[in-house]
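S.K.: Sequence plus the predicted model coming up.
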Amino acid sequence: MEDHTQIKARRTAEEKKLKKSKEEVFWKMGKGKTFFLAILIFAVLSLLSGCEENKREPSAKEKEEPLLLEAQGVSLVGYDEEGRKSWELQADSGRQFVNRMILAHVKVKLLEEGKLASGGEASKVVVDIRTSNLLFEGKVKLISYVHEAELFTSNLEWIASEKKLRTEEKVIFERGDLITEGWGLIADPELGQIEIKREVVTRLRF
């Protein structure tokens, strides 16, 4: 038979053991909750970080020259310093920015002293609004209405102040039975005065 002192000691030991067990269970649950909370915080921060990365800042060029207008079926006319027509453009579509216009699938007419000098087409034309210069790009073809000549290239610039056509790209120039190829060109809008700069090869049409 246990006396009163032994019974009290045994109960105290059992209560301590039970308390320790409860503390261990609470600690394990607490660690689990802390770990879950850490995962949740990490997931939220990752999501916010991803959202920030997806917010693309406009480029310097886009900030400097925002798109003002976009249209289909565009017609433009340029004039020289004496108020005469210098060029006419008809495009399938166009986009206007502050200092330039970009046209797609363009029919071109160049004029000399108000009279039609040559005409043709280009895949793309960039119009400099400040200078009235034109940059023809892509498949560029010009036909002289005065000298029955044709010019083919991939990049050609009309300099309004000089009234000259210029390029540094490869050109093919055809007049009558002569075909001339080379690199770089300076020409008048009638394609009557032509200078091909380098690697010039001329052959007869067969």
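M.R.: Everything's here; your move.

S.K.: quick one, what contacts Leu156?
M.R.: Residues near Leu156 by CB atoms under 8 Å, 6 or more residues apart in numbering: Ala122, Leu135, Phe136, Val140, Leu142, Leu165, Arg166, Thr167, Glu169, Leu185. Every residue, glycine included, has its C-beta placed from N, CA and C.

S.K.: so the third one makes contact with Trp158?
M.R.: If I follow you right, that is Phe136. Yes: with contact defined as CB atoms under 8 Å, Phe136 and Trp158 form a contacting pair (7.5 Å).

S.K.: Phe136: neighbour count?
M.R.: 26 (other CB atoms under 10 Å).

S.K.: a strand runs through it, doesn't it?
M.R.: Yes: looking at Phe136 with DSSP: H, G, I helix; E, B strand; the rest coil, it is inside a strand.

S.K.: got any ranges where the protein has weak pLDDT?
M.R.: Scanning the chain for pLDDT under 70 picks out 1-64.

S.K.: So it: which segments form each domain?
M.R.: 1-56, 62-204 (automatic domain parsing).

S.K.: Single out the most deeply packed of the ones you listed.
M.R.: domain 62-204 (a mean of 16; mean count of other CB atoms under 10 Å).

S.K.: Thought Gly176 was touching Glu148, still the case?
M.R.: Yes: in terms of CB under 8 Å, Glu148 counts as a neighbour of Gly176; the distance is 7.5 Å.
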